[in-house]
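1. after the sequence you'll find the predicted model.
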Amino acid sequence: MATLQERRAESPSAVTLVLDVPGWPGHLPGQHVDVRLTAEDGYRAQRSYSIASAPAGERVELTVQRVADGEVSPYLVDVLEAGDQVELRGPVGGWFVWRPQDTEPVLLVAGGSGLVPLMAMIRTRRAEHAATPFRLRYSVRTSADRLYADELEPAPGLEITHLYTRVAPPGEPRPPGRLTRADLAGVPPSDCFVCGPTGFVEAAADLLVDLGHDPARIRTERFGPTGG
Amino acid sequence: MGIVSRGFQGRPRRADDRLPPGQYLTEDFPVLSAGPTPRVPADSWELTVATEAGVRHSWSWSQLLGLPAEEPTVDLHCVTKWSKLDTSWRGVSLDVLLEDVETAADFAMVHSYGGYTTNLPLEDLLDGQAWLVHTYEGEDLPAEHGGPVRLLVPHLYLWKSAKWVRGIELLPADEPGFWESVGYHDYGDPWREQRYQGD
């Protein structure tokens, strides 16, 4: 059982839920949780959400993007208030994770809200003072849609590149558009983490293979078109 | 039943006895894979069944197509909570493939192009419960859904229905596959909601 401590707007359609989870065993960045809601008649609905925060005691942060015809996300984004409780199960998933003791360079490729589990990796890298080189390629519609805009700044060993798909801000040399081969070129062999909608992940993973990355080092997490 | 979520309505209830607990219906066909989609040309695809005695049986694409085909229509249940009803496939029953394979094994490890693995009791692959499928809704199975050939074991969560299948290893003892070794359930019965280890 988790209690909402605080909510933070991240974009017009995404909110971060700061949860207090007594007994939380800790997590690895990249893992997710199952959130279960129960209606008055006992009807239940559950969905998976990526953890956005680095491990920090019993505090767990989820960033939830509102899915227009979704069943669970509109409730979490628009209705859930501080003090409310939700059932939470996790952490889940032991494949799409980065471990701070891994020292190989890391390439993170995010499509939209696919940034969330990758942000947990960036935050964990920072919290652990890891020197592992990180490169983030973040495909996002417009500047206003960026998640964690104030926090995502380049730092020593952390390279951040925004790839705007609809509207680029003034001064951005890259014309807006979908991810291309050039956007992912010039990266040394790395542990690659790709997360986003299915079409984006398919395209990005294919480009990485085409650019010579070892398929066994490309880990993917895909959001289906249904979501919730 | 858990605590009531204040103000949560949920979607209209449907009396659907085909939906396992914790699942919701979807009309489209989401893609979930752990890595890049392997591109395996059908004419170089091959399936090998290896017994616990080390005997190997192999089938090429054209040999697979030469075996008696079935056209199962089944419901799919993914551990990520979506279910899709009445999907139609064409392929070969594992009963046909394993008919002449001599084995005393109780378990199977399924291997895919790209390195994916998943484990099942052998009995769950037999008696009309599992197929090697190459056609989905009348079309060649797309690569992102496991083409040219995937396993279809619809009575278990969909991660057991390995995409891009290339081998079945028959084993005397159960061993965890890819997802099973990182926290997912060894058996994965959606009707008992066996999502994770310990369920």
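-> Received it, and whenever you're ready, just let me know what you need.

2. looking at chain B, which strand is longest?
-> Looking across chain B with DSSP state E, the single longest strand is strand B:82-93.

3. so after that one, what's the next helix or strand?
-> helix B:94-97 (DSSP states H and E).

4. moving C-terminal of that following helix, what's the next helix or strand?
-> Per DSSP H and E, the helix or strand that comes after helix B:94-97 is strand B:107-112.

5. hmm, that following strand touching chain A?
-> No. Using C-beta under 8 Å from any C-beta of the partner chain, strand B:107-112 never reaches chain A; the gap is at least 12.1 Å. No exception for glycine: its C-beta is placed from N, CA and C like everyone else's.

6. show me the contact partners of that strand.
-> Here strand B:107-112 makes contact (C-beta atoms under 8 Å, 6 or more residues apart in numbering or on different chains) with B:38, B:117-122, B:125, B:151, B:160, B:162-175, B:177.

7. the next helix or strand along the chain from it pairs with which strands?
-> For strand B:107-112, the following helix or strand on the C-terminal side (DSSP H and E) is strand B:117-121. Applying DSSP bridges, strand B:117-121 is found paired with strand B:107-112 (antiparallel).

8. and the partner strand, how far out from the chain middle?
-> 11 Å (C-alpha atoms, centre = their mean, to the nearest Å).

9. and stretch B:27-40, by the same measure?
-> Distance, centroid of stretch B:27-40 to centroid of chain: 13 Å (C-alpha atoms, centre = their mean).

10. would you mind measuring from residue B:126 to chain A?
-> Taking C-beta to the nearest C-beta, to the nearest Å as the measure, residue B:126 and chain A are separated by 29 Å.

11. cool, residue B:8 as well?
-> Using C-beta to the nearest C-beta, residue B:8 is found at 5 Å from chain A.

12. before we move on, the earlier item: in strands, which of the contacts of strand B:107-112 fall?
-> Among the contacts of strand B:107-112, the residues falling in strands (DSSP E) are B:117-121, B:151, B:165-171.

13. spell out which residues make up each domain of chain A.
-> Domains of chain A are assigned by automatic domain parsing as A:2-92, A:106-223.

14. can you list the ones you listed in CSV and add mean pLDDT, mean neighbour count and distance to chain B?
-> Shown next, in CSV, are the domains of chain A (pLDDT from 0 to 100; neighbours: other C-beta atoms under 10 Å in any protein chain shown; distance: least, C-beta to the nearest C-beta, whole Å):
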stretch, mean pLDDT, mean neighbour count, distance to chain B
domain A:2-92, 94, 18, 4
domain A:106-223, 96, 18, 4
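
15. ok, residues contacting the longest strand of chain B?
-> A:224, A:226, B:18-20, B:23-30, B:64, B:67-77, B:128, B:130-138, B:149, B:152, B:190.

16. mind checking which of those are buried?
-> By neighbour count, with 16 or more other C-beta atoms under 10 Å in any protein chain shown, those hold A:224, A:226, B:19-20, B:23-24, B:26, B:29-30, B:64, B:69, B:72, B:74-77, B:130-136, B:149, B:152, B:190 as buried.

17. any residue of stretch B:151-166 up close to chain A?
-> No. Shown here: stretch B:151-166 not in contact with chain A (C-beta under 8 Å from any C-beta), separated by at least 11.4 Å.

18. quick check: buried residues in that stretch?
-> By 16+ other C-beta under 10 Å, the buried positions in stretch B:151-166 come out as B:151-154, B:156-166.

19. got the contact list for the residue positioned nearest the centre of chain A?
-> In chain A, the residue lying closest to the centroid (C-alpha atoms, centre = their mean) is residue A:116, at 1.5 Å. Residue A:116 sits next to A:49, A:50, A:51, A:52, A:62, A:63, A:147, A:195 when contact means C-beta under 8 Å, 6+ apart.

20. which element is the residue nearest to residue B:182 when sequence neighbours are not counted on?
-> Residue nearest to residue B:182 in three dimensions, not counting chain neighbours: residue A:94, with 3.1 Å by C-beta to C-beta, 6 or more residues apart in numbering or on different chains. Assessed by DSSP H and E, residue A:94 sits outside every helix and strand.

21. contacts only, for residue A:94.
-> Going by C-beta under 8 Å, 6+ apart, residue A:94 touches A:28, A:31, B:181, B:182, B:183.

22. pLDDT on stretch B:124-138, on average?
-> Mean pLDDT, computed over stretch B:124-138, is 98.

23. strands along chain A, start to end?
-> A:2-11, A:14-20, A:32-38, A:44-50, A:59-65, A:85-92, A:106-111, A:134-140, A:158-164, A:191-197, A:218-223.
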